[in-house]
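>>> Build the 3D model from these lines:
(2 chains)
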Amino acid sequence: MPSNATIAAIRFGCGLSPLAPAPADAAAILAGLAAPDQALADFPGPDPQQVWALGHQVTEHNRDARANVPGAAEALKETRRQINVMNDAALLNFVQRGVYGASGFRERLQDFWTNHFTVVGKLARVKAIPSVFADEAVRPHMTGRFTDLLTAVVTHPAMLIYLDQITSSGPQSRAGERQKRGLNENLAREVLELHTLGVGAGYSQTDVRQFAYLLTGLTLDNKDGQFRFNPNMVEPAAETLLGKTYGGPPKDKLAQINRALDDIALRPETAQHIATKIAVHFVADTPDPGLVQAMTAAYRRSGGDLTAVYSAMLDHPAAWAPPGAKVRMPFDYIVAALRALAPPRETLAGLRPQQIQRFVQTPLIGMGQPFQQAPGPNGWHEDSAGWVTPPLLAARIQWAMAVPQQLLPDLPDPRDFVQVALADAASQTVIDAARQAENRREGVGLVLASNDFNRR
Amino acid sequence: MTDSVLSAPLSRRLFLKTGALVGCSIAAQPLMTTVTFAAAPGENRLVVLILRGAMDGLDVVRPVGDPAFAGYRNLTLKAGEALPLTGIYAAHPDLAPLMPLWAKGELAFAHAVSTPYRDKRSHFDGQDILEAGTGRDVPDLTVKDGWLNRMLQAMPGLSSETAFAVGRDEMKVILGRAPYASWAPDARLQLSAQGRRLLARMYQDDPMFRTSATEAIALTDQMAATADAMGAGSDGMMMAPAPAMAPAANTAAAPDPLAAFAASRLKGDTRIATFSISGWDSHAAQADVLKRELGALCRTILTLKEDLGPVWGKTTVIAMTEFGRTAKENGTGGTDHGTGGAMLMAGGAIRGGKVYGRWPGLDEAALYERRDLMPTADVRAYAAWAMRGLYGLDKGLLEKTVFPGLDMGTDPGILA
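Purely as a prediction, here's the structure:
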């Protein structure tokens, strides 16, 4: 029977590590989350200003290239290269946070919330913007009130670009009448359907439409890429959403949008939806109803305080059932494997772009989860069996057999490694496999390819 | 014996023979699935493409002869000269590569179709309903399998490779208890003999891992054997050199390798293949979105035709999407989520050069909720008639089991 510390590391963290003890219990997990965010300081994401500056350069070089300015094509190529380097570095930083960070739960929460609020960098010139989004909109707000997280997300340029809000204008607004621009429903629909109430809630097409009118004005400043509220795009009429009215002059509409987001965040459907999603992500594809109920109650009692919801989950016995109900998603899998292998910090920090591609980016594609490229705004699915189809499992086995040796020339003895990676969660079959392997490479590979290690 | 089966690269024939020999003691064969040997279900091929993100049927198959159409699409979406089809319809200009097929009667559409899904207009519920094939306007959570799988459950003489899910996308349309294969063209698996043995023992009591690994190993061996037979000099453990992996599943270039892989299986024992083309959600800059997506769709179909050779004559391709989009374009050069839409059929087995379906008209009063194209037919009926024609499945079975609650209506005659 695995100890609570093992479960804490595997189910609520990034796995076991020979470098750091696992949190002993719920209190230790929450204490880690309350401590200063050292992982962010150690492994910072891309600089938002640089992301936007490089994007701006692409626009300029493109314009120059069209005008046949000498050297423009080369400049464009170089800027694109820098963007790719920045994106690779962002991926590597996220990996390192999980491998060396003190709070595995914080990293898992970042994965969860960036998936709940999926953004994809669909403009190539600012393709690192999902990483900026993670650090600016998500990470600072994961432990506070859901409404603050929601507001930060819905007003972040990455989300406004991804769900087509930046040009959505009230048809009767100044910009709408002048430029013959109008409404786009995308963000409004997905906020209600995916981010807050959930698709089963009792909202209507009229609510979606009214919310879309209310969200007009949320855009960004093309010069610096920062969020901007533009009253000229705001539909002048008042909107009625889920029975409440949000009115006032266009210049005051941002406050009304914030009010609406608060109201939506506090609805019982949102409490239920958020609690369910967290439980599904961490505990089981079909979680214990009592667990979800306790988390929903904590949400409602606390006015959507997320730490209270996490605490309710961690205090519930169902959260401490033996591991194995879920399958680690590919990013989580690679991070957990590296955490168990614990290469020296300088090894990961020193990876060249081609190595990041070979060890992480390309394997993630093979395992079915290309970095920051979820197929839709609903993010990656939580259906465990769907991550273990023949081609996806083959990619995991391939990674396990090939990559560790390339990162760590001095691989551990598989008989020791199985204890490091799985501790008291190792079944006899994986212990036997580690013992019987012909060489270290395959022994370590078998441990990482095992169903025990792939499950959590 | 387990070990010899698992450790040596085997030709398909040998693999199957060995499977037959040990078929009576599956429990002792941790990495073997059941394989049956009755004749495969005829020679007809069916390819089901799921177009994820909601393809705008009104832009792809434009009702240019409907007097109301121009009024809805008077800005960005009219750009480019539509290609005349028949009656009131013209095809999106980016379908030009498929027009030779249209002329030969190997391309057709059905218009004003939809699943039974209504009102919430969620991509994800919409796709779930499309793939589950259920008859309610909301997801039916009691149905866990997909309609292709329920069709397979009713087919005699199924082998583990009769049906193939291609690529890495989750394909709920084929999920279920009937066996099917699943692989991606660039997937590979290299294991030593000892590695295989130990992996087999490790997965023995975990069916999810055991089943997938069994299939991955069997397919790897089989492809290596094929490569050997073709003198490709395979190392015996992996398939022919993998093409470079696409950076994202939904880039325009991605479907080509999937179609080529599907064709390679369909030329062998496979009769049914399915995969998806994602990225049709066109809320803004729809012209760019459709250029990319229709390009991918054209390449997919042309790759199938090219690679299938004579088998193309026995092939039916159907491409379906979760719902259509608003009749009126939105304020940002795109369209929002709608209801009725279009489906596409291709292949040498179909009666093409036609736009099937009853046109409901586009007057505001004729629209669904004064917003979307009114569906006049259940898209499942076309799939059901295709199955009936290709595999002789019983109409009652199709209407009750494969597509619960479907009224197939009269035969539209989509097959040649």
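
>>> what does the stretch 101-250 of chain A put close to chain B?
Residues of the stretch 101-250 of chain A that fall close to chain B, judged by CB under 8 Å from any CB of the partner chain: A:163-164, A:167-169, A:171, A:176, A:180-186, A:189, A:193, A:199, A:204-205, A:208. C-beta coordinates here come from the backbone N, C-alpha and C atoms, glycine included.

>>> Next secondary structure after the lowest-mean-pLDDT helix or strand in chain A?
The weakest-scoring helix or strand in chain A, judged by mean pLDDT, DSSP states H and E, is helix A:174-179 (a mean of 91). Per DSSP states H and E, the first helix or strand lying C-terminal to helix A:174-179 is helix A:186-190.

>>> so what does that next one touch, helix or strand wise?
helix A:205-215 (3 or more CB pairs under 8 Å, 6 or more residues apart in numbering or on different chains; DSSP states H and E).

>>> Report the mean per-residue pLDDT for the helix it packs on.
What helix A:205-215 shows for mean pLDDT is 97.

>>> Which helix or which strand is home to residue A:153?
Per DSSP H and E: residue A:153 is located in helix A:146-154.

>>> Return that helix as PDB; C-alpha atoms alone will do.
Taking C-alpha atoms only, helix A:146-154 is exported to PDB below (Å, rounded to 0.1, in the frame of the first residue of the first chain):
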ATOM      1  CA  PHE A 146     -11.500  32.000  -9.200                       C
ATOM      2  CA  THR A 147     -13.000  35.300 -10.300                       C
ATOM      3  CA  ASP A 148      -9.600  37.000 -10.300                       C
ATOM      4  CA  LEU A 149      -8.100  34.200 -12.300                       C
ATOM      5  CA  LEU A 150     -11.000  34.400 -14.700                       C
ATOM      6  CA  THR A 151     -10.700  38.200 -15.100                       C
ATOM      7  CA  ALA A 152      -7.000  38.000 -15.700                       C
ATOM      8  CA  VAL A 153      -7.500  35.300 -18.300                       C
ATOM      9  CA  VAL A 154     -10.400  36.900 -20.200                       C
END
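
>>> and residue B:46, helix, strand or coil?
With DSSP: H, G, I helix; E, B strand; the rest coil as the basis, the three-state label of residue B:46 is strand.

>>> wait, isn't it in contact with residue B:393?
No - using CB atoms under 8 Å, residue B:46 and residue B:393 do not qualify as a contacting pair, with a distance of 11.3 Å.

>>> any residues in contact with both of the two?
residue B:387 (CB atoms under 8 Å, 6 or more residues apart in numbering or on different chains).

>>> follow-up on the earlier one: list only buried entries from the residues of the stretch 101-250 of chain A next to chain B.
Those of those that meet the buried threshold are A:163-164, A:167-169, A:176, A:181-186, A:189, A:193, A:199, A:205, A:208, by 16 or more other CB atoms under 10 Å in any protein chain shown.

>>> close enough to count as contact, residue A:330 and residue A:388?
No - taking CB under 8 Å as the contact criterion, residue A:330 and residue A:388 are not neighbours in contact, 10.9 Å apart.

>>> Just want to know which of those two has more residues nearby.
Residue environment comparison for residue A:330 versus residue A:388 gives the larger neighbour count to residue A:330, 24 against 21, counting by other CB atoms under 10 Å in any protein chain shown.
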